[in-house]
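Asker: Okay, here's the prediction I keep looking at, along with the sequence it came from:
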Amino acid sequence: MISDQLSLALTLDDSALFSNYIIAQENELAVAALKSLAEPGRGRVEEFIYLWGEGSPGLTHLLQALCHELADAGRTGLYLPVAELIQLSPEVLEGVENYAVVCLDGIDKIAGEPAWEAALFTAFNRLRAEGSELVIAAKKAPSALPWGLLDLGSRMRSGLTLRLNQLGDRDKRALLQQRALARGVQLDGAVADFIMLRAPRDTPALLALFDRLDKASLKTKRPITIPFVKQILDW
């Protein structure tokens, strides 16, 4: 159903699940819309969802979580990271209509690229013809991207467009403690607060920082305390 070269780009993160996505209140509608695509017995429809959000609102996490949920429901889902696809040929999009749901992550990367826009437009039409569902993720709204193919730009603006907002500090603190709990680590509230006061506000950077602490904790067999954080991160 997909080419051998494309299959190299299709790795899902096993930890990207709906159950461990911290939902900011303003993002509830978007998450509910995605979850509905994996409902058992759901038939195919001619609708698509365009998710966008600046910074790090968890777009990749949600698209991969949807693909995991689809697999559990017995439906076929395909996750396509556009940043990796553009290193290949636009022909890799051929055959995507054979999947029930296709998730295109980072569509910004091909806006303004004639060959890729043409391939995407063709794939879009085939998906519609087959009744497959499409989920698109981008950093910008469809109207803010430099589409060279006007018909494609018009199509991109015709779906259900939902904006995702970044988590607030309290939600990020909860996410940090959730990541720790998933690793079997009890992260004390005072330690979490200490980290949040000094850590970067970018969610991936915050989680990468915790990963660094967790690895150091396992190596030294020491708990993650405030003195330990100060030592490892040189704070």
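Answerer: Looks like it arrived, so ask away. Numbering: from 1, shown residues only.
Asker: Pull the residues that contact whatever helix or strand residue 78 lives in.
Answerer: Using DSSP states H and E, residue 78 maps to strand 77-81. Here strand 77-81 makes contact (Cβ atoms under 8 Å, 6 or more residues apart in numbering) with 2, 6, 9-10, 12, 38, 60, 63-64, 66-67, 70-71, 93, 96, 99-106. All C-beta spots, glycine's among them, are computed from the backbone N, C-alpha and C.
Asker: Can you give me the buried ones in stretch 116-130?
Answerer: In terms of neighbour count (16 or more other Cβ atoms under 10 Å), stretch 116-130 has its buried residues at 116-117, 119-121, 123-124, 126-128.
Asker: Quick one: which of those has the lowest pLDDT value?
Answerer: The lowest pLDDT within the buried residues of stretch 116-130 belongs to residue 128, with 89.
Asker: Tell me the first helix or strand C-terminal of the strand holding residue 78.
Answerer: Next along the chain after strand 77-81, taking DSSP H and E as the criterion, comes helix 82-85.
Asker: got the angle for the helix or strand just after that next one vs strand 77-81?
Answerer: If you walk from helix 82-85 toward the C-terminus, the next helix or strand you reach (DSSP H and E) is strand 101-105. Here strand 101-105 runs at an angle of 10 degrees relative to strand 77-81 (axes from the mean of the first three to the mean of the last three Cα atoms, to 10 degrees).
Asker: can you give me the offset of strand 101-105 from its chain's centre?
Answerer: 10 Å (Cα atoms, centre = their mean, to the nearest Å).
Asker: With only the CA atoms kept, save it in CSV.
Answerer: Listed in CSV are the C-alpha atoms of strand 101-105, where the atom choice follows Å, rounded to 0.1, in the frame of the first residue of the first chain:
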residue,chain,number,x,y,z
VAL,A,101,-7.5,8.0,7.8
VAL,A,102,-4.3,9.9,6.7
CYS,A,103,-2.5,12.3,9.0
LEU,A,104,-0.2,14.8,7.3
ASP,A,105,2.1,16.4,10.0
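Asker: what helices or strands is that strand leaning on?
Answerer: Where contact means 3 or more Cβ pairs under 8 Å, 6 or more residues apart in numbering; DSSP states H and E, strand 101-105 is packed against helix 59-72, strand 77-81, helix 82-85, strand 133-138.
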